[in-house]
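# Fold the following for me, if possible:
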Amino acid sequence: MAEVIVVENADAAGELIAASIRALIEARPDAVLGLATGSTPLPIYRSLARSFADRPLDVSQVRGFSLDEYVGLPAGHPESYRSVITRDVVTPLGLTPGNIHVPSGDPAGLPAAGADYERAIVRAGGVDLQILGIGRTGHLGFNEPGSSFESLTRVKTLTPQTRADNARFFASADDVPVHCITQGLGTIRRARHLVLLAVGEGKAAAIAAAVEGPVTASQPGSAIQLHPHVTVVVDEAAASMLANLDYYRYAWANKPAWQGI
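This is a model prediction of the structure:
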């Protein structure tokens with residue numbers, strides 16, 4: 001069963017998760033982070049940046065792997081995930097740019113891009129902590145409904161719902177790419193710790209399906225039920241459809257502090 005932690009708001013979630021990431025880096029200076037993009041993880045990165053400013057920490061050896069990239073966006077496009085990771089994570093946290101990897105969305109290299117990315121993750125020793133969001137369709141990364149739980153990094157076609165949800169980052173919905181390259185559910189499940197953050201009523205159904213629903217490819221988020229170390233951090237709105245909410249609150253309130261998340 002995933003550990004479910006209900007917090008007051010996104011900022012509180014960011015502080016909780018950032019503290020866990022900092023502790024990981026303190027224990028392992030060359031820790032490997034799985035990096036999510038979009039608006040959901042921003043409170044985590046902002047909290048980490050504040051933490052590093054208040055109490056400096058050497059993060060020069062930290063390594064990172066982005067979950068995904070759009071196919072066909074020019075390398076310098078402001079909404080390519082290479083640009084987003086640089087802007088939202090690498091620069092504010094002071095990470096070493098060469099240590100942070102993003103799958104290639106260059107159409108010319110797509111046949112080999114997935115396998116290349118998988119080899120890079122393996123060479124790094126695997127991901128220690130993978131930050132995740134979840135889409136309204138239940139997708140993790142860009143693994144849309146129907147994705148195999150054993151899938152590895154590959155090209156996927158985005159659903160109209162996902163493209164519509166991401167249109168806010170572009171001039172128009174038509175500018176959102178149709179294809180992406182994404183870590184597969186099998187790739188994500190190899191990370192040693194999964195930390196899934198969701199806020200808002202719009203994510204409530206996806207969270208309930210991921211945490212308590214049947215394990216099915218129709219709900220990619222349910223793949224987390226097959227992982228031995230999962231932490232789900234949600235606000236009240238995102239937690240509102242969980243049947244066992246009272247138990248999750250009780251378990252968190254009575255958890256030994258030394259265990260962390």
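
# that's a helix at Phe103, yeah?
Just so we're on the same page, residue 103 is Pro rather than Phe. No. Read with DSSP: H, G, I helix; E, B strand; the rest coil, Pro103 is coil and lies in no helix.

# hang on, it packs against Ala115?
No. Pro103 lies out of contact with Ala115 (CB atoms under 8 Å); the separation is 10.7 Å. For the C-beta atoms, the positions are set from N, CA and C on the backbone; glycine is no exception.

# Quick check: the nearest residue in space to Gly133 that is not next to it in sequence vs Val195, distance?
Counting by CB to CB, 6 or more residues apart in numbering, Gly133 lies nearest to Thr40, which is 3.7 Å off, once chain neighbours are set aside. In this view, Thr40 and Val195 are 11 Å apart by CB to CB, to the nearest Å.

# Counting neighbours, go ahead and name the busier of those two.
Neighbour tally, Thr40 and Val195, criterion other CB atoms under 10 Å: the higher count belongs to Val195, 26 against 22.

# Settle it for me: which of Pro103 and Ala115 has more neighbours?
Taking other CB under 10 Å, Pro103 and Ala115 do not tie; Pro103 has more neighbours (27 against 12).

# re the thing from before, between Pro103 and Ala115, which contacts overlap?
Thr153 (CB atoms under 8 Å, 6 or more residues apart in numbering).

# now the lengthiest helix in the chain: mean pLDDT?
Identified as the longest helix of the chain according to DSSP state H is helix 10-27. Regarding helix 10-27, the rounded mean pLDDT is 98.

# In that helix, which residues are buried?
10, 12-18, 20-22, 24-25 (16 or more other CB atoms under 10 Å).

# now what about that helix, what contacts it?
5, 7, 31, 33, 42-48, 51, 57, 59, 62, 128-129, 131, 195, 197, 199, 231, 233-235, 260-261.

# Which is the succeeding secondary structure element to the lowest-mean-pLDDT helix or strand in the chain?
Lowest mean confidence among the helices and strands of the chain (mean pLDDT, DSSP states H and E): helix 160-166, at a mean of 89. Of the helices and strands lying after helix 160-166 in sequence (DSSP states H and E), the nearest is strand 179-182.

# May I have whichever helix or strand comes after that following strand as PDB, with CA atoms only?
Remark: after strand 179-182, the chain's next helix or strand is helix 185-189, criterion DSSP H and E. Listed next in PDB are the C-alpha coordinates belonging to helix 185-189 (Å, rounded to 0.1, in the frame of the first residue of the first chain):
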ATOM      1  CA  LEU A 185       5.900   2.600 -16.500                       C
ATOM      2  CA  GLY A 186       8.500  -0.100 -16.200                       C
ATOM      3  CA  THR A 187      11.300   2.500 -16.100                       C
ATOM      4  CA  ILE A 188       9.500   4.500 -13.500                       C
ATOM      5  CA  ARG A 189       8.900   1.400 -11.300                       C
END
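
# can you list contacts of helix 185-189?
Residues contacting helix 185-189 (CB under 8 Å, 6+ apart): 34, 67, 118, 121, 130, 132, 140-141, 143, 147-153, 194, 220, 223, 226-227.

# run the last query once more with 6 Å
When contacts are defined by CB atoms under 6 Å, 6 or more residues apart in numbering, helix 185-189 is touched by residues 140, 143, 147, 149-153, 223, 227.

# And the furthest pair within those residues?
Thr153 and His227 (17.7 Å; CB to CB).

# Compare the two and say which is more crowded by neighbours.
Between Thr153 and His227, counting by other CB under 10 Å, Thr153 is the more crowded of the two (26 against 16).

# just to revisit the earlier point, and the contacts of helix 10-27, which are buried?
Listed as buried from the contacts of helix 10-27 are 5, 7, 31, 33, 43-48, 51, 57, 59, 62, 128-129, 131, 195, 197, 199, 231, 233-235, 261; burial here means 16+ other CB under 10 Å.

# ok so, going back, quick one: name whatever helix or strand follows the longest helix of the chain.
Using DSSP H and E, the first helix or strand after helix 10-27 is strand 32-35.

# tell me which strands and helices the next helix-or-strand element following that following strand is in contact with?
Using DSSP H and E, the helix or strand that follows strand 32-35 in sequence is helix 42-54. Where contact means 3 or more CB pairs under 6 Å, 6 or more residues apart in numbering; DSSP states H and E, helix 42-54 is packed against helix 10-27, helix 91-93.
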